[in-house]
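Predicted model, plus sequence, below.
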Amino acid sequence: MNASDEHKLWMYEKMIEIREYEETMAAVYLEGKLPPAIQRGLAFDIGSGPVPGEMHLSAGQEPVAVGVCAHLRQEDTVVGTHRPHHFAIAKGVPLKPMTAEMFGKDTGLGRGKGGHMHLFDPSHKFSCSGIIGASLPPACGAALAAKKRGKDWVAVAFFGDGASNQGSFHESLNLASIWRLPVIFVCEDNKYAISVEKADSTSVAWNADRASAYGMPGVRVETNDAMEVYEAAGAAIARARRGEGPTLLEVRTDRYMGHFQGDGEAYRPKNEVEELRKHDPIPLLGAHLRKHGLLDDAKDAALRSRVSARIAEAYEYGRTSPYPKPEDALLHVFN
């Protein structure tokens with residue numbers, strides 16, 4: 001499935017937006033954690049700063065999110081991972097309440113009670129979870145609901161290569177195949193399950209090969225290229241909409257940052273990230289757009305200016321929004 005000019009430009013702008021959002025968060029997250037923490041004798045104070053707690057960023061993995069979500073409608077469901085921002089942005093989750101949630105503010109998607117690994121936006125049918133492999137069963141549920149209602153809606157479960165060794169992966173693929181659910185299982189193969197290389201944890205080189213055991217197509221995209229992801233995802237989503245059942249799609253992508261912010265990354269070979277960045281997917285798509293007359297210096301600058309303004313506004317909103325009132329601690333939670 002060839003991408004339209006409109007989709008190409010949308011993917012390019014969204015990848016830039018995701019990258020700038022993540023790089024901005026990388027800087028904001030460190031506020032209050034370093035160097036004062038070191039002066040108190042601590043290596044890293046995860047609880048300090050305006051954004052406390054863990055933080056998992058997706059810079060480098062943008063093609064997976066935009067290549068899939070370019071095909072989706074608002075009524076389609078996306079379930080993300082503990083590294084969720086690129087999926088949320090690509091699905092259309094508004095930046096302001098998403099950012100406010102990470103700052104723990106009352107204007108956030110979850111009233112500041114979920115944080116960055118628990119972003120829920122029912123209006124855009126997006127959710128995520130900090131539990132490994134937890135995206136697959138809910139996506140099956142959303143797909144089953146669509147099927148029972150006679151809709152051609154689809155559900156997408158994003159997950160990492162480490163999650164493919166969880167029981168939820170095998171159970172979900174089996175059930176989806178038996179019931180011919182309109183669900184697409186998308187594996188982000190960024191080489192590492194936290195700090196463990198896939199070769200040391202997984203019995204197959206490509207998880208897409210496991211699809212045949214569950215009677216569904218297994219498709220692999222071997223380069224971190226938005227255009228190739230778009231093509232593969234388009235075929236899988238069209239198949240699901242036709243009522244032909246699930247597909248397992250695996251994309252070889254690159255994680256430029258650590259598993260979490262503050263990760264020492266001692267498990268990575270020296271200069272690995274520098275080598276990966278030589279194949280950055282954003283300039284790759286930009287070069288394609290220029291070659292086909294869809295982008296020039298002026299259009300690129302205007303696009304980047306729009307993106308920067310949106311992101312600056314979102315982070316300002318997150319910083320200045322009010323915190324929840326202490327007396328509201330037990331509201332909107334199970335008792």
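Everything's here; your move.

quick one: residue 282 is in a strand?
No. Read with DSSP: H, G, I helix; E, B strand; the rest coil, residue 282 is helix and lies in no strand.

Excluding chain neighbours, give the residue nearest to it in space.
residue 15 (5.1 Å; C-beta to C-beta, 6 or more residues apart in numbering). For every residue, glycine as well, the C-beta is placed using N, CA and C.

tell me the contacts of the one you found?
If a contact means C-beta atoms under 8 Å, 6 or more residues apart in numbering, then residue 15 has 62, 63, 66, 226, 281, 282, 285 as its contacts.

Go through those residues and flag which are in helices.
62, 63, 66, 226, 281, 282, 285 (DSSP state H).

that older thread, now the contacts of residue 15 in a markdown table, with distance to residue 134 and neighbour count?
As requested, those are exported to a markdown table (distance: C-beta to C-beta, whole Å; neighbours: other C-beta atoms under 10 Å):
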| residue | distance to residue 134 | neighbour count |
| --- | --- | --- |
| 62 | 22 | 30 |
| 63 | 23 | 30 |
| 66 | 23 | 27 |
| 226 | 26 | 27 |
| 281 | 27 | 27 |
| 282 | 29 | 18 |
| 285 | 31 | 25 |
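
Of all pairs in those, which one is the farthest apart?
Greatest spatial distance among the contacts of residue 15 (C-beta to C-beta): 66 and 282, at 10.3 Å.

follow-up on the earlier one: for the residue nearest to residue 282, what is the enclosing helix or strand?
helix 5-29 (DSSP states H and E).

Go through that helix and flag the buried ones.
7-22, 24-26, 28-29 (16 or more other C-beta atoms under 10 Å).

worst-scoring helix or strand of this protein, pLDDT-wise?
helix 36-39 (a mean of 57; mean pLDDT, DSSP states H and E).

Same list, the ones in helices among the contacts of residue 15, but as TSV with pLDDT please.
Shown next, in TSV, are these (pLDDT from 0 to 100):
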residue	pLDDT
62	98
63	98
66	98
226	98
281	98
282	98
285	98
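
For those residues, give me CSV that also has distance to residue 116.
Formatted as CSV, the ones in helices among the contacts of residue 15 follow (distance: C-beta to C-beta, whole Å):
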residue, distance to residue 116
62, 17
63, 21
66, 20
226, 24
281, 23
282, 22
285, 26
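
and which of these is nearest residue 322?
residue 62 (32.0 Å).

Can you name the residues that contact residue 9?
289, 294, 295.

Mind giving me the PyMOL select for the residues you listed, buried ones only?
The PyMOL selection below is limited to those of these classed as buried (16+ other C-beta under 10 Å):
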select buried, resi 289+295
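
Just the contacts of residue 9: which are in helices?
Filtering the contacts of residue 9 for helices - DSSP H - leaves residue 289.

Can you lay out the contacts of residue 9 as CSV showing pLDDT?
As requested, the contacts of residue 9 are exported to CSV (pLDDT from 0 to 100):
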residue, pLDDT
289, 98
294, 98
295, 98
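
Now the contacts of residue 9 in JSON lines, please, with extra columns for distance to residue 217.
Shown next, in JSON lines, are these (distance: C-beta to C-beta, whole Å):
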{"residue": "289", "distance to residue 217": "30"}
{"residue": "294", "distance to residue 217": "31"}
{"residue": "295", "distance to residue 217": "33"}
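
Closest to residue 159 out of the contacts of residue 9?
Nearest to residue 159 among the contacts of residue 9 is residue 289, at 29.9 Å by C-beta to C-beta.

Which positions in stretch 212-230 come out as buried?
The neighbour-count check on stretch 212-230 (16+ other C-beta under 10 Å) flags 214, 216-221, 224-230 as buried.

Show me the shaky parts of the protein.
35-43, 335 (pLDDT under 70).

The helix or strand in which residue 300 is found to helix 5-29, inter-axis angle?
Per DSSP H and E: residue 300 is located in helix 297-320. Per axes from the mean of the first three to the mean of the last three C-alpha atoms, to 10 degrees, the angle that helix 297-320 makes with helix 5-29 is 40 degrees.

Which positions in helix 297-320 come out as buried?
For helix 297-320, by 16+ other C-beta under 10 Å, it's 300, 303, 307, 310, 311, 314, 315, 317, 318.

Point out the other helices and strands that that helix packs with.
helix 5-29, helix 95-102 (3 or more C-beta pairs under 8 Å, 6 or more residues apart in numbering; DSSP states H and E).

Which strands or helices does the last one pack on?
Pointing back at helix 95-102 there. Partner elements for helix 95-102 (3+ C-beta pairs under 8 Å, 6+ apart): helix 85-91, helix 297-320.

Let me have these in TSV, extended by distance to residue 148.
Below are these laid out as TSV (distance: least, C-beta to C-beta, whole Å):
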stretch	distance to residue 148
helix 85-91	23
helix 297-320	37
